[in-house]
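1. Based on what follows, work out the 3D shape:
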Amino acid sequence: MSATVEASGVTKRYGATPVLEGVTVRIEASEKVGLIGANGCGKTTLARILAGLDREYEGVCNRTPGTVVAYVPQYLDAPPATTCLDYMTGDLEPLRFELRRCEEELARLGAGESRAVERALAEYQRARDAYDAAGGDEAGAAAEAALDAVGLPGRAGSAVGVLSGGEQNVLCLAKAVARRPDLLILDEPGNHLDFDGLEWLERYIVGFPGAVIIVSHNRYLLDRTTRATLEIADRGVTRYAGNYSTYRLTKLRTVTAQQADYAADTKKLARLEALVAKFARIAREHADPAWGRRLRARRTQLEQAREAATDRPVLTAGAMDVDLGSGRSRAEIAVELRGYSRAFGERVLFDHAEALIRCGERVAIVGPNGSGKTTLLRDIVERGTWDDPHVRVGPSMHVGYCAQHQDIFRPGATILEEMIRFGVKNASDAMRLLGRYLFTYEDLSARVGTLSGGERNRLQFAVCEIAGASLLVLDEPTNHMHIASREAIEDALETFAGTIILVSHDRYLIDAIASRVLEIVDHSLVSYEGSFTEYRALRRPAQARVHTRGRERSTEREKADRSQLRDLERRVARLEQEKLALERRITESFERGDHRGGRRLANELEQCGRELDAAWESWTGLEES
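-> Numbering: from 1, shown residues only. A predicted model of the protein is given here:
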């Protein structure tokens with residue numbers, strides 16, 4: 001296959017510090033590739049280099065001649081009053097300006113055969129060709145068609161400032177799609193999208209005919225759309241075949257094998273160290289030069305063995321060490337909503353909603369963007385008491401809160417000042433806690449307002465630990481976090497015995513944690529027992545019917561197809577739960593040093609992954625048939 005873009009020996013520095021060093025990447029035509037790595041490792045930097053937006057680097061980055069590359073940034077960058085149509089066609093404005101300038105120059109010179117006229121005609125033709133190549137006079141119609149295609153029909157005249165965060169993400173995608181690119185580079189495209197939006201995005205990427213690079217921490221999105229994975233670590237890039245789950249399995253297999261080698265090398269080093277110590281004792285007690293020679297030979301052997309020994313394997317580098325305590329409570333009721341109503345002016349969010357959450361339950365609250373999820377969680381934290389008539393929180397509950405906008409902190413305060421405000425005694429105690437959340441001693445003096453979103457979320461989990469929470473109220477707790485930290489949070493929540501109320505767009509997190517779903521429907525809360533995948537199988541609108549092509553199929557055939565869809569949905573839900581459980585068991589085997597058990601479980605995980613992929617393909621084929 002021909003390469004759409006190929007980078008070789010790319011090194012990027014910020015000042016004297018290299019972020020990428022000697023990176024080589026090749027993206028084939030029509031290939032779907034995930035780009036992953038820790039926060040700050042250089043994912044966006046590499047994406048912008050591949051897109052041709054950053055040319056300040058060492059090395060070479062070539063694109064196939066004629067290749068159109070479109071880059072979709074994390075955030076829309078436009079004045080709020082800009083209309084969607086103007087945003088979509090804004091790149092044409094310099095070309096229009098140049099074309100008008102050339103037309104005016106020709107009009108000024110008039111007819112003739114002079115060299116000035118010839119030069120002006122040549123400039124006009126170049127300007128006209130560039131304008132036409134960019135869409136030119138058809139750009140407006142193409143932009144409106146692209147808005148229709150991404151689910152924003154009739155929004156051409158809307159100001160970008162009135163769009164939701166998810167709609168702004170989709171608008172950025174529409175602008176890129178309108179260019180009809182051969183390579184589409186998406187930087188965190190799932191930010192702010194609800195689950196319906198994410199599923200639409202998955203289908204769009206899979207059906208996109210060109211190559212796609214996806215920078216994302218969304219593991220479900222990567223699993224559903226990619227067939228290769230690029231990992232940035234230690235300023236370099238490593239390529240893995242397969243989607244995120246396949247990459248994860250490869251890493252698990254690698255560290256499990258390293259663990260066996262590390263254990264064997266550790267025993268060998270211990271024997272050599274004991275032998276060197278024995279020879280050193282004998283050499284001290286005997287004047288025979290032969291023992292000195294033997295001692296030097298063994299020391300040389302020991303040094304060579306140390307250099308050749310396998311490094312201690314690390315399953316997840318750069319992850320937090322989250323310890324939320326047991327969270328146990330003897331109470332029966334954690335949260336009870338009784339006739340709960342909430343409105344902002346004429347906009348009603350809840351109207352006499354009812355819900356009961358018992359101690360020890362793990363509940364995910366879901367609903368469209370703007371349906372009131374964040375408002376409900378904030379009311380539970382700020383209003384909830386046992387004596388409140390509408391929002392009752394058990395009297396023995398200690399609440400830990402991760403706010404979506406991280407506004408529990410004072411922006412102008414330092415990290416140390418906030419830690420002391422939440423209960424830490426001094427800097428030493430703060431550092432013992434925060435070191436496990438990837439903060440350094442120097443970070444204690446940093447102002448909270450200067451921290452990234454991921455850093456503030458890590459800080460919020462540290463505060464939950466200080467609180468000794470028995471009730472965790474989590475609003476998008478993994479936003480802006482890289483995958484390793486997300487998995488560390490999942491592991492901590494999995495062992496937490498207290499009550500969890502969770503709002504998240506992270507499918508992996510919800511499937512790993514939630515055992516019940518509360519959906520916001522018509523200003524009320526509807527309860528569904530079971531995992532999030534099981535809930536989606538019941539509620540997915542597209543699954544309530546079977547689309548037909550051409551002539552209508554018989555009622556019997558439709559019933560059979562619906563029955564088969566339901567069976568496949570249940571199978572997908574079971575396999576995804578089994579996959580999560582196997583990943584956790586492999587991690588536990590690694591931590592125990594049971595590399596044989598880890599290899600056996602890795603084989604089971606590989607088989608489970610194959611079955612899950614097959615089930616998804618069958619489901620997709622049946623739904624679209």
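
2. what sits against the residue nearest to residue 268 when sequence neighbours are not counted?
-> The shortest distance from residue 268 to any non-neighbouring residue, by C-beta to C-beta, 6 or more residues apart in numbering, is to residue 305 (6.2 Å). Quick note: C-beta positions are derived from backbone N, CA and C, even for glycine. Residue 305 makes contact with 265, 268-269, 272, according to C-beta atoms under 8 Å, 6 or more residues apart in numbering.

3. got a list of contacts for stretch 355-362?
-> By C-beta under 8 Å, 6+ apart, the surrounding residues in contact with stretch 355-362 are 329, 331-337, 340, 363, 394, 470, 493, 497-502, 513-516, 518, 525, 527.

4. change it to 6 Å
-> Residues from elsewhere that reach stretch 355-362 (C-beta atoms under 6 Å, 6 or more residues apart in numbering): 329, 331, 334-337, 363, 499-500, 513-515, 518, 525.

5. Can you say which of the residues you listed are buried?
-> For those, a burial check counting by 16 or more other C-beta atoms under 10 Å picks out 329, 331, 334-337, 363, 499-500, 513-514, 518, 525.

6. can you redo those residues as CSV with distance to residue 254?
-> What follows is those, written out as CSV (distance: C-beta to C-beta, whole Å):
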residue, distance to residue 254
329, 41
331, 45
334, 41
335, 43
336, 48
337, 48
363, 37
499, 37
500, 32
513, 27
514, 31
518, 40
525, 45
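
7. Same list (the contacts of stretch 355-362) but as TSV, adding secondary structure.
-> What follows is these, written out as TSV (DSSP: H, G, I helix; E, B strand; the rest coil):
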residue	secondary structure
329	coil
331	coil
334	strand
335	strand
336	strand
337	strand
363	strand
499	strand
500	strand
513	helix
514	coil
515	coil
518	strand
525	strand
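
8. buried set for stretch 450-469?
-> So stretch 450-469, judged by 16+ other C-beta under 10 Å, has buried residues 451, 454-467, 469.

9. From these, which land in helices?
-> The members of the buried residues of stretch 450-469 that map onto helices under DSSP state H are 454-467.

10. Can I get the strand or helix carrying residue 130 in CSV? Just the C-alpha atoms.
-> Assessed by DSSP states H and E, residue 130 sits inside helix 115-133. Backbone C-alpha positions of helix 115-133 (Å, rounded to 0.1, in the frame of the first residue of the first chain) are rendered in CSV as follows:
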residue,chain,number,x,y,z
ARG,A,115,4.4,42.6,-19.9
ALA,A,116,2.6,44.1,-16.9
VAL,A,117,-0.7,42.8,-18.3
GLU,A,118,0.8,39.4,-18.9
ARG,A,119,2.1,39.2,-15.4
ALA,A,120,-1.2,40.3,-14.0
LEU,A,121,-3.0,37.6,-16.1
ALA,A,122,-0.6,35.0,-14.8
GLU,A,123,-1.2,36.1,-11.2
TYR,A,124,-4.9,36.1,-11.7
GLN,A,125,-4.8,32.6,-13.1
ARG,A,126,-2.8,31.3,-10.2
ALA,A,127,-5.2,33.0,-7.8
ARG,A,128,-8.2,31.6,-9.7
ASP,A,129,-6.8,28.0,-9.7
ALA,A,130,-6.1,28.2,-5.9
TYR,A,131,-9.6,29.5,-5.2
ASP,A,132,-11.2,26.8,-7.4
ALA,A,133,-9.0,24.0,-5.9
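
11. State the next helix or strand along the chain beyond that helix.
-> Using DSSP H and E, the helix or strand that directly follows helix 115-133 along the chain is helix 139-149.

12. Excluding its own residues, what touches the helix or strand following that next one? List them.
-> Using DSSP H and E, the helix or strand that directly follows helix 139-149 along the chain is helix 165-177. By C-beta under 6 Å, 6+ apart, the surrounding residues in contact with helix 165-177 are 70, 72, 76, 84, 88, 146-147, 150, 191-193, 197, 369.

13. Just put the contacts of stretch 355-362 in JSON lines and tack on pLDDT and distance to residue 225.
-> Converted to JSON lines, the contacts of stretch 355-362 look like this (pLDDT from 0 to 100; distance: C-beta to C-beta, whole Å):
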{"residue": "329", "pLDDT": "80", "distance to residue 225": "41"}
{"residue": "331", "pLDDT": "78", "distance to residue 225": "44"}
{"residue": "334", "pLDDT": "93", "distance to residue 225": "37"}
{"residue": "335", "pLDDT": "94", "distance to residue 225": "37"}
{"residue": "336", "pLDDT": "95", "distance to residue 225": "41"}
{"residue": "337", "pLDDT": "95", "distance to residue 225": "37"}
{"residue": "363", "pLDDT": "96", "distance to residue 225": "29"}
{"residue": "499", "pLDDT": "94", "distance to residue 225": "34"}
{"residue": "500", "pLDDT": "95", "distance to residue 225": "29"}
{"residue": "513", "pLDDT": "90", "distance to residue 225": "24"}
{"residue": "514", "pLDDT": "92", "distance to residue 225": "24"}
{"residue": "515", "pLDDT": "91", "distance to residue 225": "28"}
{"residue": "518", "pLDDT": "95", "distance to residue 225": "29"}
{"residue": "525", "pLDDT": "95", "distance to residue 225": "32"}
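
14. picking up where we left off before, and the contacts of helix 165-177, which is closest to residue 221?
-> If you rank these by distance to residue 221 using C-beta to C-beta, residue 193 comes first, at 9.4 Å.

15. picking up where we left off before, let me have the contacts of stretch 355-362 in a markdown table, extended by distance to residue 277.
-> Converted to a markdown table, those look like this (distance: C-beta to C-beta, whole Å):
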| residue | distance to residue 277 |
| --- | --- |
| 329 | 54 |
| 331 | 58 |
| 334 | 58 |
| 335 | 62 |
| 336 | 67 |
| 337 | 68 |
| 363 | 59 |
| 499 | 55 |
| 500 | 52 |
| 513 | 50 |
| 514 | 55 |
| 515 | 55 |
| 518 | 64 |
| 525 | 68 |
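
16. and these, which two are the farthest apart?
-> Spatially, the most separated pair among the contacts of stretch 355-362 is 329 and 525, at 22.4 Å (C-beta to C-beta).
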